[in-house]
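> sequence first, predicted model second:
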Amino acid sequence: MSEKRECGHNDGECKRRRIYRRIIACILFLITLVLLIILIVWLVLRPTKPRFYLQDASLVQLNLTADAAILTTFLQVTISSRNPNDRIGIYYNRLVAYARYNSQQITSSTVLPPVYLAPHEQVIWSPFLFGGAVPLDSNLAAALYQDQKAGFVLISVRVGGRLRWKVGTWISGRYHLHVNCPALLVRKPGSYDFRFQQSTRCSVDV
């Protein structure tokens, strides 16, 4: 009755209002349905971050000119990545690897080949990382000199880039990937060679 009083004799206006209300109700229902489907799919699949491991690090050269604070570094690393998901694939795009000492990057970035990992698949990269005549902060140079004298050097091997998730034929947008792999290099007794101690699991941020 109230709607009839509001409309009076203008039936056309009443019909338009009913149509608008039904359209809005349908839109809200569809939005709710889509959000509910996305939530259910997410809860069922629940993508897990990929796992990265630093399996080896061979230090070919680590020359520090202490008075000039100039460092030349050359090493080869072996990094593996595993997709732990049951139903979700992972595309790696634009990955680069480099080494850092403390707060400073000491090698240039080396591009890693793009790859797709199906569920539970693994990939291994063995890039060379090189930094020629890199100027260091004086405090960092002094700290690295002391580490070399003590017989151990802790560097971090970093991997950065982007990844995409794949579920069936659907592929997500790109997500930033940040990987940090600590590498403890210990000097072999009676020599100047530094050796990598053991395989380590890397921290991963997506």
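Perfect, thanks for sending it. Numbers count the residues shown, from 1 in each chain.

> buried residues, stretch 119-130. List them.
Val123, Trp125, Pro127, Leu129, Phe130 (16 or more other CB atoms under 10 Å). Where you see a C-beta, it was placed from the backbone N, CA and C, and this is true even at glycine.

> save the residues you listed as CSV, and put in distance to Pro113 and secondary structure too.
Shown next, in CSV, are the buried residues of stretch 119-130 (distance: CB to CB, whole Å; DSSP: H, G, I helix; E, B strand; the rest coil):
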residue, distance to Pro113, secondary structure
Val123, 9, strand
Trp125, 7, strand
Pro127, 10, coil
Leu129, 15, strand
Phe130, 18, strand
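
> now, which of those sits nearest Ser58?
Leu129 (10.4 Å; CB to CB).

> returning to that earlier point: and which of the buried residues of stretch 119-130 is nearest to Thr107?
Nearest to Thr107 among these, with distances taken as CB to CB, is Leu129, at 4.2 Å.

> so who does the closest one touch?
Leu129 makes contact with Thr73, Phe74, Leu75, Gln76, Val77, Ala97, Tyr98, Ala99, Thr107, Ser108, Thr110, Val157, according to CB atoms under 8 Å, 6 or more residues apart in numbering.

> one step back: with pLDDT added, can I get the buried residues of stretch 119-130 in JSON lines?
Shown next, in JSON lines, are the buried residues of stretch 119-130 (pLDDT from 0 to 100):
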{"residue": "Val123", "pLDDT": "98"}
{"residue": "Trp125", "pLDDT": "98"}
{"residue": "Pro127", "pLDDT": "97"}
{"residue": "Leu129", "pLDDT": "97"}
{"residue": "Phe130", "pLDDT": "97"}
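
> got a pLDDT number for the residue nearest the centre of the chain?
The residue lying closest to the centre of the chain (CA atoms, centre = their mean) is Leu177, at 1.7 Å. On pLDDT, Leu177 comes in at 97.

> that one against Leu95, yeah?
Yes - counting by CB atoms under 8 Å, Leu177 touches Leu95, with 7.4 Å between them.
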